[in-house]
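J.: Sharing a model prediction with you, sequence too.
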Amino acid sequence: MAEPFLAEVVFPLPLRRAFDYRVPPTLDAAIRPGHRVWAPFGARGRKMGIVVRRHPAEGAVRSLDSLKTIDAPVESDVALPEREIALTRWMADRYWCSLGEAAFTVSALGRKLPPQRP
């Protein structure tokens, strides 16, 4: 069996960290950096986040069993290309905001209505 991948997901919240989520095998080809995804988040149920990095599970700090799984991609297109992810990292450092706040500011979400929760 192939080694599972994890996705680092950021949310439009003032939290200066990303969260690791398991990428289910059925969505492995559909989830890339820059995609918006639905993911379980705390007591709030599901929340829209942006994948900023994918990495092998072998480097995970927590055990795979304790990590939550991404529910679904929001759309098939990338909302934030790699170049804009680099811009959001710079913005977060420069203006002392979270990466998630910067990513949602830069993403195409502001150009169209947000999708409804499934």
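T.: Good, I have the coordinates.
J.: Might you report the residue contacts of the spatially closest residue to Leu80 that is not a sequence neighbour?
T.: Counting by Cβ to Cβ, 6 or more residues apart in numbering, Gly34 is the residue found nearest to Leu80 once chain neighbours are left out, at 4.1 Å. In short, each C-beta sits where N, CA and C put it, glycine included. Each residue near Gly34 by Cβ atoms under 8 Å, 6 or more residues apart in numbering is listed here: Ile50, Val51, Val52, Val78, Ala79, Leu80, Pro81, Glu82, Glu84, Ile85.
J.: Okay, now the sheet partners of the longest strand seen in the chain, with direction.
T.: Longest strand in the chain, counting residues (DSSP state E): strand 46-56. Using DSSP bridges, the strands paired with strand 46-56 are strand 5-10 (antiparallel), strand 36-40 (antiparallel).
J.: Below-threshold pLDDT in this structure: ranges please.
T.: Across the chain, the ranges flagged by pLDDT under 70 are 1-3, 44, 59-62, 108-118.
J.: Isn't Met91 up against Gly100?
T.: No. Under the criterion of Cβ atoms under 8 Å, Met91 is not in contact with Gly100, lying 11.3 Å apart.
J.: Tell me which of these two has more neighbours.
T.: Gly100 (25 against 18; other Cβ atoms under 10 Å).
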